[in-house]
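**Student:** here is my input; please provide its structure:
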Amino acid sequence: MVDWWGGNFDPNGKRIVRFNGKHWFVKFKPDPEERRRDYLAYLLGRNWANIAEVRPLSESEFAELQSADIALPDWASADNTFLVRLVQDYSLDQLPKVDLNSAVASELVFSLWIRRRDAHTANRGYIDGIPVFFDHQTALLGEIHLRTLDVFFQVVPDAGYACRWRVEEIGTAIDISTAELRRIGKARDVSLHVVSNRECFSQAIQAAAEQVDSQNRVDWFTKALEAGYSEPGAIEVTKFLVRTCKELEAAIERMRSVIFSP
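**Tutor:** Next up, the predicted model:
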């Protein structure tokens, strides 16, 4: 398991666990808000986008991790430690999107909505050629300056930003390898996505936008509370999601102007 820069996330093999019949990566961040953002993103997208499952931990479950020789820093706690399901643990019948074009479109539209700029190849894996994505700490007001579209699409030479999102049509004859796409994306310094048909992908973008707009706004507030936000925090993030939903059409037009660039 490596990050964008090629560093090993788990050099000693002590951050992967089996729990409730699934395999998970143990993730911890100093700021508990990052756990809340990752979990809220999962709650918002789990029924219509291929987002890897996120599971918070109870105090007793965290204590089990501590006693199981899991590599945890001294500052780790149940509030800032959580589980992210390994992409390799999924099968196609467990994913809401099993068509490549729809899967890519839903990830990108979802990322526009929650202002997840880090939609690059190190934050995605493939199951039988279908992408599953993860990692949302920059989204949902994690980087407040990204609230505006001008900043979100600012031109910078960094694949972690939306200006570097790229989509390529590959047809149906090419096997999609997680490792190969990560190699190409890193070499070109782009967030590379592949689709089988550009026209179908374009139609799927519109369908994903309609999926966001059709949701109950009150449900977003409820999910924020479930993710662990305080009531004022849940109100703030819900207002953010309402505003970015209203801006989604403009955001998609901005995205279309960059994703098929060289």
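**Student:** strands paired with whichever helix or strand Val84 is part of, and their directions?
**Tutor:** Here Val84 sits within strand 81-85, counting by DSSP states H and E. Looking at strand 81-85 with DSSP bridges, its partner strands are strand 22-28 (antiparallel), strand 54-56 (antiparallel).
**Student:** run through who's touching that strand.
**Tutor:** 17, 19, 22-28, 35, 38-39, 52-57, 62, 65, 72, 134 (C-beta atoms under 8 Å, 6 or more residues apart in numbering). Where you see a C-beta, it was placed from the backbone N, CA and C, and this is true even at glycine.
**Student:** before we move on, what about stretch 37-50?
**Tutor:** 27, 51-56, 82, 84, 95-97, 103, 106-107, 110, 114, 116, 130-133, 135-137, 139-142, 208, 211, 220, 223-224, 226-229, 237, 241.
**Student:** just the CA trace of stretch 84-101, in CSV.
**Tutor:** The C-alpha trace of stretch 84-101 is given here as CSV (Å, rounded to 0.1, in the frame of the first residue of the first chain):
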residue,chain,number,x,y,z
VAL,A,84,-11.7,2.2,5.8
ARG,A,85,-12.6,-0.9,3.9
LEU,A,86,-10.0,-2.1,1.5
VAL,A,87,-11.1,-1.8,-2.1
GLN,A,88,-9.7,-5.3,-2.7
ASP,A,89,-12.2,-6.6,-0.2
TYR,A,90,-15.2,-5.7,-2.5
SER,A,91,-16.9,-7.7,-5.1
LEU,A,92,-18.9,-6.2,-8.0
ASP,A,93,-22.3,-7.2,-6.5
GLN,A,94,-21.5,-5.0,-3.5
LEU,A,95,-21.1,-1.8,-5.5
PRO,A,96,-23.9,0.6,-6.4
LYS,A,97,-22.3,1.3,-9.8
VAL,A,98,-21.0,-1.6,-11.9
ASP,A,99,-20.8,0.3,-15.2
LEU,A,100,-17.4,2.1,-15.7
ASN,A,101,-18.9,5.3,-17.2
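**Student:** now that stretch: average pLDDT?
**Tutor:** The average pLDDT for stretch 84-101 rounds to 96.
**Student:** then stretch 187-205?
**Tutor:** 94.
**Student:** same check on stretch 34-54?
**Tutor:** The model assigns stretch 34-54 a mean pLDDT of 98.
**Student:** make residue 1 into 46 and carry on from there
**Tutor:** In the new count, where the first residue is 46, that last one comes out as stretch 79-99.
**Student:** that one: end-to-end distance?
**Tutor:** 12 Å (C-alpha to C-alpha, to the nearest Å).
**Student:** show me the shaky parts of the stretch 96-245 of the chain.
**Tutor:** 217-219 (pLDDT under 70).
**Student:** where along it do the helices fall?
**Tutor:** Assigned helices in the stretch 96-245 of the chain, in chain order: 104-111, 145-159, 194-197, 223-233, 243-258 (criterion: DSSP state H, counting those that start in this stretch).
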